[in-house]
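[1] take this sequence and fold it.
(one chain, ligands or ions: 2)
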Amino acid sequence: MSNTRDDFVYDVWYFAGLSGDIAKGDLKRIDIAGQPITLGRRRDGTAFALRDICPHRAAPLSSGRIVDDMVECPYHGWRFDSQGTCKSIPALHPSDNMEIEKIGVRSYHLREDGQLLWIYIPRDKAQMTPAIDPPQIEMAKGKVFIDEHLIMETHIDHAALGLIDPAHGPYVHRQWWWRSDHTMKNKEKRFEPRNPLGFAMAAHSPSSNSAAYKLLGGKPVTEITFYLPGLRTEDIRVGNKFLLSLTSMTPVGPEKTLFRQIFFTNMTSMRLIKPIFRTGVRRFLKQDSGILNLQKKGLNYQPKAMFVGDADAQARWYYAVKKEWAAARSQNRAFVHPVKETILKYRT
Ligand code: FES
Ligand SMILES: [Fe+2]
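    Ligands and ions are numbered 1, 2, ... in the order given. Coordinates of the predicted model:
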């Protein structure tokens, strides 16, 4: 469980944000898995992603501007199209008949599915072609109801494990409207493998020991899915109403992870409780980031981790999927999902 620079998941799509994060004609810097990226959007609405380092002398292209649907570097004005091909070098004299189109900046595959932006991060820059598709998050539509984020000073592995850890709830999120160690119950949950690189707690009625679910009324059914590298969705449905919780942990760098919590819903009644709901969400985020920052104090000494009982099964799966994906890619063979359908029994 080393946290070296090369310990990210590669050849996968990382959640890069919401469509609304980047307006037409804008550029924005984002860092994913230690790679500096300029996220941009042309006037025609097409989003694109380029390496945020000008091939001339390294100025960040994201600090430039978009002119005629090209990215103009802020330093000497070189221009690149959205594929990264150099189209103009203003300082070149007309007698200089250089083939400037041979100069390029790396372009990343970007997909925009509904309101979700995905960027493909390859291990090897010579193999930019995506090996898989991004997860299909069917309910990520309608209005964004809540959108909160935090930066945590921890490695993505630990941040991701926090998302699939049923055992911390009664301790880290101890509060009357959620649960406490006094309300812990025996749980038996059915889990299934999911593609790409994920696993799900199959659709079930949520715990009767979480008061918060009562707000939804009716008989809610929830399904919780986790996709590597670090995306958790909880899809709650009551009839044709839905509330989708999308939690992403995106590594910014080796010891820095962006924690973003977004909710989508078509329940108009949720608008009424938005202020209370947002307060609750912020509280959860603070509690999770608080414990991860505390955990970091111990991790700094690089102790060996323990995975005990079914409560830690998902943590074992996380590492198993990560390892198998890396092996499948390096051996150029099909991925064999290490998770089999099973019932996990634990207390929470
Ligand atoms: S550094 Fe970008 S044009 Fe010179
Ligand atoms: Fe949590």
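
[2] C-alpha only now, for contacts and for neighbours.
    Noted.

[3] strands of the stretch 1-150 of the chain, residue ranges please.
    Ranges of strands within the stretch 1-150 of the chain are 12-18, 27-32, 35-41, 47-51, 65-67, 70-72, 79-80, 86-88, 107-108, 110-113, 116-121, 143-152, based on DSSP state E, counting those that start in this stretch.

[4] what's in contact with the second one?
    When you say that, I think you mean strand 27-32. Strand 27-32 has contacts (C-alpha atoms under 8 Å, 6 or more residues apart in numbering) with 14, 16, 22, 36-41, 52, 62-66, 250-253.

[5] likewise for the last one?
    Residues outside strand 143-152 that contact it (C-alpha under 8 Å, 6+ apart) are 256-266, 274, 278, 282, 285, 289, 292-293.

[6] let's see 6 Å
    In this structure, residues lying in contact with strand 143-152 by C-alpha atoms under 6 Å, 6 or more residues apart in numbering are 256-264.

[7] list the strands paired with it, with their directions.
    Sheet pairing of strand 143-152 (DSSP bridges) gives strand 256-265 (antiparallel).

[8] check the third one too.
    Under the criterion DSSP bridges, strand 35-41 sits next to strand 27-32 (antiparallel), strand 47-51 (antiparallel) in its sheet.

[9] off-centre distance for stretch 44-51?
    Taking C-alpha atoms, centre = their mean, to the nearest Å, one finds the center of stretch 44-51 at 19 Å from the center of the full chain.

[10] list the contacts of Pro74.
    Pro74 is in contact with Gly64, counting by C-alpha under 6 Å, 6+ apart.

[11] ok, now how distant is it from ligand 1?
    6 Å (C-alpha to the nearest ligand atom, to the nearest Å).

[12] what about the residue in the stretch 101-250 of the chain that ligand 1 sits nearest to, neighbour count?
    Per C-alpha to the nearest ligand atom, Val105 is where the stretch 101-250 of the chain lies closest to ligand 1, at 10.5 Å. Residue neighbour count, defined by other C-alpha atoms under 10 Å, stands at 20 for Val105.

[13] quick check: it touching Cys86?
    No - with contact defined as C-alpha atoms under 6 Å, Val105 does not reach Cys86; the gap is 7.7 Å.

[14] pull the contacting residues for the closest residue to the residue of the stretch 101-250 of the chain closest to ligand 1 other than its chain neighbours.
    Using C-alpha to C-alpha, 6 or more residues apart in numbering and skipping the chain neighbours, the partner closest in space to Val105 is Gly84 (4.8 Å). Shown in contact with Gly84 (C-alpha under 6 Å, 6+ apart): 104-105, 107.

[15] in the chain, spot the helix with the most residues.
    What stands out as the longest helix in the chain, according to DSSP state H, is helix 274-299.

[16] any buried residues in that one, and which?
    Neighbour counts using 16 or more other C-alpha atoms under 10 Å place 277-278, 281-282, 284-289, 292-293, 296, 299 of helix 274-299 among the buried residues.

[17] same deal with stretch 166-181?
    Buried residues in stretch 166-181 (16+ other C-alpha under 10 Å): 166-170, 172-174, 178-180.

[18] with distance to ligand 1 and secondary structure added, can I get those residues in TSV?
    Shown next, in TSV, are the buried residues of stretch 166-181 (distance: C-alpha to the nearest ligand atom, whole Å; DSSP: H, G, I helix; E, B strand; the rest coil):
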residue	distance to ligand 1	secondary structure
Pro166	48	helix
Ala167	50	helix
His168	48	helix
Gly169	49	helix
Pro170	52	helix
Val172	47	helix
His173	48	coil
Arg174	51	strand
Trp178	52	coil
Arg179	54	strand
Ser180	55	coil
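
[19] can I get these in a markdown table including distance to His56 and pLDDT?
    Listed next are these as a markdown table, based on distance: C-alpha to C-alpha, whole Å; pLDDT from 0 to 100:
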| residue | distance to His56 | pLDDT |
| --- | --- | --- |
| Pro166 | 49 | 94 |
| Ala167 | 51 | 95 |
| His168 | 49 | 95 |
| Gly169 | 50 | 92 |
| Pro170 | 54 | 91 |
| Val172 | 49 | 95 |
| His173 | 50 | 93 |
| Arg174 | 53 | 88 |
| Trp178 | 54 | 68 |
| Arg179 | 56 | 66 |
| Ser180 | 57 | 71 |
